[in-house]
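# sequence first, then the predicted structure, then my questions.
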Amino acid sequence: MASSLFARIALVIALAIPAVSWARVDVFVSIAPPPLPVYVQPPLPDEGYIWSPGYWAYDGDDYYWIPGTWVRPPAVGLFWTPGYWAWTNAGYRFHRGYWGPQVGFYGGVNYGYGYNGYGYHGGYWNRGAFYYNRSINNFGNRHVTRVYNKTVINNVTVNNISYNGGRGGVNARPNTREQNYARQKHIAPTAMQTQHVRAAIGNREQRASFNQGRPPIAATDRPGQFKGAAVVSARAAGGPLPDRSRQNDDRRSQDGRPDSPQSSSRLSTSQINPARDNEPQVRPQFDRSQDPSRSPQQRDEQMRQQREQSQRDSQRDSQRFQQQREQQGQQREQIQREQQIQQQREQQGQQQRAQQVQREQQVQQQREQQNQQEQRREQQVQARQQREPKQAQRPQREQRLQPQAHEQQRSPQAREQHRGRQGESRREGGRD
């Protein structure tokens, strides 16, 4: 009960921390992301980790693969909602993942391993502990204590599509519950997740133009660990890469007409993530690397500005993450102090109960001693009562035996004299 109480307190504190806007500048890309590669989930490194699926990110001139990995949540009771790409009238926009008490909408993209397009089926929280679905997660040789077995039936088409809407994208809309989740407070990715993304950006082999949709590092057992036996490479690409020469055709719907905000087959920005309607509007940046109307110098200048903006955003994000870590550290210290106080109270209660038990034992021992003393006194009384008749008979017997004893105690001469006197008395009596 105490562990579940502290888990709820930690969750409330985590949600009370202001959600960090870890990237205010939205990047719109005119070409669709590559299909999701085929890979195997690495084994669970330890209990308490939650699976975060891999995805394609964009850095200004190319897509690069962020490996899937096992992550420790920032607080007990939180789930990971994966990020996803979605088509809008301005291009493909990436909606970033976040932590929250529920799993929100992630475009209907089937990332696999519990994320089949809606919710998460790989595990659940119960009394401060995470329980894993054996039919979904890879445990390797590790013995996991909190497990259950539930087969998940997919009601969606299994494919490797990595984006929502647009030409060839997943046709999915958030339901009312997912829209409500999107309006709630969210927790930014952890510092380990941010370092994980930066490490992938710095690896040239993770770029789609280099690996052709089959990244050498598809998944890892821990964030940022890109070397070792637990690193998993993609078995195959999920499909051919999008044709950059047809990127302008993506701005038209399948029937050849330009997409409009009222198009029923596609999602508007507010439909995909209503929470962003309350955010300050920022002028979007576009990928102009293939725009023939611009000179190479202009395209290079725009790319340079985008990179500089991205660096500034990263610096701000680092500062915000540092502040968040400090706040979380303070909250953890507060929780630890509360736990210590609770432990002290429990110890005091145990000591008081032990003292009470000891006092009761002492009282019981005193009662037993009193009972024993009373029993001894009763035995003594009975013994005296049994001795009194014998003592009363002893004087009578002594009186009967006293003349005989007195006779025996006389000397032989005294006895002769006594006998002589008795004989004389008899003779005198005879004369008479």
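Received the coordinates, thanks. Numbering: from 1, shown residues only.

# I66 against D59, yeah?
No. Taking contacts as CB atoms under 8 Å, I66 lies outside contact range of D59: 10.9 Å. Where C-beta positions appear, they are placed from N, C-alpha and C, glycine not excepted.

# give me the more crowded residue out of the two.
Between I66 and D59, I66 has the larger neighbour count (other CB atoms under 10 Å), namely 22 against 15.

# flag the shaky bits of the stretch 151-300 of the chain, pLDDT-wise.
Of all residues in the stretch 151-300 of the chain, those with pLDDT under 70 make up the ranges 154-158, 244-296, 299.

# okay, helices next: where are they in the stretch 151-300 of the chain?
Counting by DSSP state H, counting those that start in this stretch, the stretch 151-300 of the chain has helices at residues 176-183, 191-201, 208-211, 269-272, 296-409.

# where among these is average confidence lowest?
Among the helices of the stretch 151-300 of the chain, helix 269-272 has the lowest mean pLDDT, at a mean of 31.

# Q302 - how many residues pack around it?
The local packing of Q302 (other CB under 10 Å) involves 18 other residues.

# S30 versus that one, what's the distance?
Separation of Q302 from S30 (CB to CB, to the nearest Å): 13 Å.

# who's in contact with M192?
With contact taken as CB atoms under 8 Å, 6 or more residues apart in numbering, M192 is in contact with V71, R72, P223, G224.

# dump the residues you listed to JSON lines, plus distance to E178 and neighbour count.
Formatted as JSON lines, the contacts of M192 follow (distance: CB to CB, whole Å; neighbours: other CB atoms under 10 Å):
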{"residue": "V71", "distance to E178": "22", "neighbour count": "19"}
{"residue": "R72", "distance to E178": "25", "neighbour count": "15"}
{"residue": "P223", "distance to E178": "26", "neighbour count": "23"}
{"residue": "G224", "distance to E178": "30", "neighbour count": "16"}
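
# circling back to that earlier point, could you dump the helices of the stretch 151-300 of the chain into a markdown table with distance to N138 added?
Shown next, in a markdown table, are those (distance: least, CB to CB, whole Å):
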| stretch | distance to N138 |
| --- | --- |
| helix 176-183 | 27 |
| helix 191-201 | 19 |
| helix 208-211 | 23 |
| helix 269-272 | 31 |
| helix 296-409 | 29 |
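
# these: which one's closest to V76?
V76 lies closest to helix 296-409 among these, at 10.3 Å (CB to CB).

# tell me the helices and strands packed up against the closest one.
Packing contacts for helix 296-409, counted by 3 or more CB pairs under 8 Å, 6 or more residues apart in numbering; DSSP states H and E, involve helix 2-16, helix 191-201.

# 10 Å instead, please
The contact analysis (3 or more CB pairs under 10 Å, 6 or more residues apart in numbering; DSSP states H and E) places helix 296-409 against helix 2-16, strand 27-29, helix 191-201, strand 285-286, helix 412-431.

# least reliable of these by average pLDDT, please.
Ranked by mean pLDDT, the helices and strands packed on helix 296-409 bottom out at strand 285-286, which scores a mean of 38.

# picking that back up, ok, which of the helices of the stretch 151-300 of the chain comes nearest Y92?
For Y92, the closest of the helices of the stretch 151-300 of the chain is helix 269-272, at 11.5 Å, according to CB to CB.

# need the residues touching each of I66 and D59.
A200, I201 (CB atoms under 10 Å, 6 or more residues apart in numbering).

# so for the residue lying closest to R142 once chain neighbours are set aside, what's the pLDDT?
Closest residue to R142 apart from its sequence neighbours, by CB to CB, 6 or more residues apart in numbering: L44 at 5.9 Å. For L44, the pLDDT comes out at 96.

# and the gap between L44 and Q193?
With CB to CB as the criterion, L44 and Q193 are 17 Å apart.

# what's the local residue count around Q343?
Q343 has 11 nearby residues by other CB under 10 Å.

# ditto for W51
Neighbours of W51 under the rule other CB under 10 Å: 26.

# what is the rounded mean pLDDT of whichever strand or helix holds it?
Assigned by DSSP states H and E, W51 belongs to strand 50-52. Across strand 50-52, the average pLDDT comes to 97.

# list the neighbouring strands of it plus their orientation.
strand 68-71 (antiparallel) (DSSP bridges).

# partner strands of the helix or strand that the partner strand is followed by, parallel or antiparallel?
Tracing the chain past strand 68-71, the next element assigned as helix or strand by DSSP H and E is strand 79-81. With DSSP bridges as the test, strand 79-81 is paired with strand 98-100 (antiparallel).

# L44 and Q193: who's more crowded?
Neighbour totals were compared for L44 and Q193, and Q193 leads with 23 against 19 (other CB under 10 Å).

# distance of that one relative to F79?
In terms of CB to CB, Q193 sits 14 Å off from F79.

# what's the overlap in contacts for the two?
Contact with both Q193 and F79 is made by residues W99, according to CB under 10 Å, 6+ apart.

# how far does stretch 216-224 stretch from start to finish?
Start-to-end span of stretch 216-224 (CA to CA, to the nearest Å) is 14 Å.

# buried set for that stretch?
Buried residues in stretch 216-224, counted by 16 or more other CB atoms under 10 Å: P216, I217, A218, A219, T220, D221, R222, P223, G224.

# now stretch 335-352
The neighbour-count check on stretch 335-352 (16+ other CB under 10 Å) flags nothing as buried.

# just the CA atoms of it, as PDB, please.
Extracted C-alpha coordinates of stretch 335-352, given in PDB (Å, rounded to 0.1, in the frame of the first residue of the first chain):
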ATOM      1  CA  ILE A 335       9.500  12.200  -2.000                       C
ATOM      2  CA  GLN A 336      12.500  10.600  -0.300                       C
ATOM      3  CA  ARG A 337      12.000  12.900   2.800                       C
ATOM      4  CA  GLU A 338       8.400  11.900   2.900                       C
ATOM      5  CA  GLN A 339       9.400   8.300   2.600                       C
ATOM      6  CA  GLN A 340      11.900   8.700   5.400                       C
ATOM      7  CA  ILE A 341       9.200  10.300   7.600                       C
ATOM      8  CA  GLN A 342       6.800   7.500   6.700                       C
ATOM      9  CA  GLN A 343       9.500   4.900   7.600                       C
ATOM     10  CA  GLN A 344      10.300   6.600  10.800                       C
ATOM     11  CA  ARG A 345       6.600   6.600  11.700                       C
ATOM     12  CA  GLU A 346       6.300   3.000  10.800                       C
ATOM     13  CA  GLN A 347       9.400   2.200  12.900                       C
ATOM     14  CA  GLN A 348       8.000   4.200  15.800                       C
ATOM     15  CA  GLY A 349       4.700   2.300  15.500                       C
ATOM     16  CA  GLN A 350       6.500  -1.000  15.400                       C
ATOM     17  CA  GLN A 351       8.500   0.000  18.500                       C
ATOM     18  CA  GLN A 352       5.400   1.000  20.300                       C
END
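
# many thanks, have a good one.
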